[in-house]
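**Q** sequence and predicted structure below; questions after.
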Protein chains: 2
Amino acid sequence: MLYRVSVYTPAEAVEETGFTLDTLRYYEKIGLLEPVERNAAGQRRFSEEDVSWLGMIRCLRDTGMPIAEMLRFAELVRAGQHTIPDRIRLLEEHDRRVQGQIANLTERQSYIHHKISYYRSVL
Amino acid sequence: MLYRVSVYTPAEAVEETGFTLDTLRYYEKIGLLEPVERNAAGQRRFSEEDVSWLGMIRCLRDTGMPIAEMLRFAELVRAGQHTIPDRIRLLEEHDRRVQGQIANLTERQSYIHHKISYYRSVL
DNA sequence: CTCGGACCTGGAGTGCGCTCCATGTCAAGC
DNA sequence: GCTTGACATGGAGCGCACTCCAGGTCCGAG
């Protein structure tokens, strides 16, 4: 294995992305991932591009974007450069939601802090 | 309706807590809410205490606490004053998770910001 | 040559947290 | 007095995002 381009076996892709293999197959099945290259035996070989796209997916997923919207984003990406303004709009809107989540969480956290303080004061 | 203690009809409890009536019934059914008082006709009349407990539930739910853990918390509350140290521990641990969520969200958000910047730079 | 293990597929199953439904009772305003 | 609408119950169903399974292929190490 002297020269090796950046190609990942399923196990390596799992390692790299943190998704389970089942999830990767699921994402490919629903079209969140474009059909992944295969070796002669039909086994998947994930490209560097696949892995970096999965990084984006992880980010969106972990910030609560539903799959349906990730699919819309994937379609924009596939449709080509002219959809960049749309992609920006989509990400900006998502960003606002993330901002809202953070604000909400922060507010709730202060409620929790107050409750803890109250409990401490009762001891 | 001259003198009225703080008692809420189902519709008022919905208004006050933001939960749907189905959800309130569900919470009562699974024991997250203690059996709610009823009027002569068997209709629920939520007390001020119910509503404030639901405020706590909303806070925990909106910060991602699973129902099973809210149930544990509810049991501690019912068990009496001597469980206050346990309640504090539970809330503190949850607080750490919330902190983690905020940190994670903030980090992901910067990824999104970078992506947006990149897209803008390509235009 | 054999064995183990990584991988394949299609499809069924899971867990969470509700949400909806059919059917029935009750109450309050006109 | 009657209608309308809020509320009751038990239980089925749903949407999401996986997750698991049976049964099969293929390859490399020993």
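**A** Alright, I've got the coordinates.
**Q** residues from chain A in reach of DNA strand C?
**A** A:T9, A:P10, A:A11, A:E12, A:L21, A:R25, A:K29, A:R38, A:G42, A:Q43, A:R44 (C-beta under 7 Å from any atom of the strand). Placement of C-beta: from N, CA and C, glycine included.
**Q** just the buried residues out of those, in ChimeraX syntax.
**A** Filtering these down to the buried ones (16 or more other C-beta atoms under 10 Å in any protein chain shown) takes a single ChimeraX command:
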select /A:44
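**Q** among the residues of chain A next to DNA strand C, which are located in strands?
**A** In strands, defined here by DSSP state E, there are no members of these.
**Q** how about the residues of chain A next to DNA strand C, which pair is most distant?
**A** Farthest pair in these (C-beta to C-beta) is A:E12 and A:K29. Separation: 20.2 Å.
**Q** any stretches of chain A with poor pLDDT?
**A** A:1-5 (pLDDT under 70).
**Q** tell me how far the longest helix along chain A lies from the chain's centre.
**A** Ordering each helix of chain A by length in residues (DSSP state H) puts helix A:84-122 first. Distance of helix A:84-122 from the chain centroid (C-alpha atoms, centre = their mean, to the nearest Å) equals 19 Å.
**Q** got it, and stretch A:57-74?
**A** Distance of stretch A:57-74 from its chain centroid, counting by C-alpha atoms, centre = their mean, is 6 Å.
**Q** what about that stretch, near chain B?
**A** Yes - judged by C-beta under 8 Å from any C-beta of the partner chain, stretch A:57-74 and chain B are in contact via A:C59, A:D62, A:T63.
**Q** repeat for stretch A:88-107
**A** Yes - applying C-beta under 8 Å from any C-beta, one finds stretch A:88-107 touching chain B at A:I88, A:L91, A:E92, A:H94, A:D95, A:V98, A:Q99, A:Q101, A:I102, A:N104, A:L105, A:T106.
**Q** now list the buried members of those residues.
**A** A:I88, A:L91, A:H94, A:D95, A:V98, A:Q101, A:I102, A:L105.
**Q** now tabulate those residues in TSV and tack on distance to B:Q81.
**A** Converted to TSV, those look like this (distance: C-beta to C-beta, whole Å):
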residue	distance to B:Q81
A:I88	55
A:L91	50
A:H94	45
A:D95	45
A:V98	40
A:Q101	35
A:I102	35
A:L105	30
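**Q** so which of these comes closest to DNA strand D?
**A** Of all these, A:H94 has the smallest distance to DNA strand D: 12.9 Å, by C-beta to the nearest atom of the strand.
**Q** ok, the closest one touching A:M65?
**A** Yes - here A:H94 reaches A:M65: they are 5.8 Å apart, a contact under C-beta atoms under 8 Å.
**Q** hang on, A:L105 packs against B:Q101?
**A** Yes - assessed by C-beta under 8 Å, A:L105 is found in contact with B:Q101 at 5.9 Å.
**Q** what does chain A put close to DNA strand D?
**A** A:T20, A:D22, A:T23, A:R25, A:Y26, A:A40, A:A41, A:G42, A:R61, A:P66, A:I67, A:A68.
**Q** by neighbours, which of these wins?
**A** A:R61 (18 neighbours; other C-beta atoms under 10 Å in any protein chain shown).
**Q** ramachandran coordinates for that one?
**A** phi -60, psi -50 (degrees, to the nearest 10).
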